[in-house]
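S.K.: Show me how the following folds:
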Amino acid sequence: RRDRDARANGTSTRSAPTRGDAMTRDAGDDAMTSEALATFTQGLLEQMQGRFQTMSDAIITKIDEMQEKIEALERSVGEIASETREG
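M.R.: Next up is the predicted model:
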């Protein structure tokens, strides 16, 4: 994190690279960047999956509640129809 912050600010926490290891450092930075991006993406996907699961559970709960209300309404309508026929 410190290296990333330093790069964003235009400073460096590392010693100046020598000519021979400049290519190695760039490749290493790319690998670290790729790894960090992969980690970030994985975390984001897991977070999204958790949110979708939460929403899905909430929707299923609401559907179950609506089903119970519909069944209660059908019973009430049936009882009223029965009373009307008897009366």
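S.K.: rest of the way, CA atoms for contacts and neighbours
M.R.: Fine.
S.K.: Give me the distance between residue 52 and residue 42.
M.R.: Residue 52 sits 15 Å away from residue 42, going by Cα to Cα, to the nearest Å.
S.K.: oh sorry, the question was meant for residue 64
M.R.: When residue 64 is compared with residue 42 (using Cα to Cα), they lie 33 Å apart.
S.K.: Check residue 30 too.
M.R.: Taking Cα to Cα, one finds residue 30 at 18 Å from residue 42.
S.K.: Ok, residue 85 next?
M.R.: Residue 85 sits 64 Å away from residue 42, taking Cα to Cα as the criterion.
S.K.: Next: residue 72.
M.R.: Residue 72 is 45 Å from residue 42, by Cα to Cα.
S.K.: All the helices of this protein, in order from the start?
M.R.: 2-9, 22-86 (DSSP state H).
S.K.: Output those helices in TSV; the columns should cover mean neighbour count.
M.R.: Below are these laid out as TSV (neighbours: other Cα atoms under 10 Å):
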stretch	mean neighbour count
helix 2-9	12
helix 22-86	12
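S.K.: weakest of those helices by average pLDDT?
M.R.: Confidence, taken as mean pLDDT, is least for helix 2-9 of those (a mean of 54).
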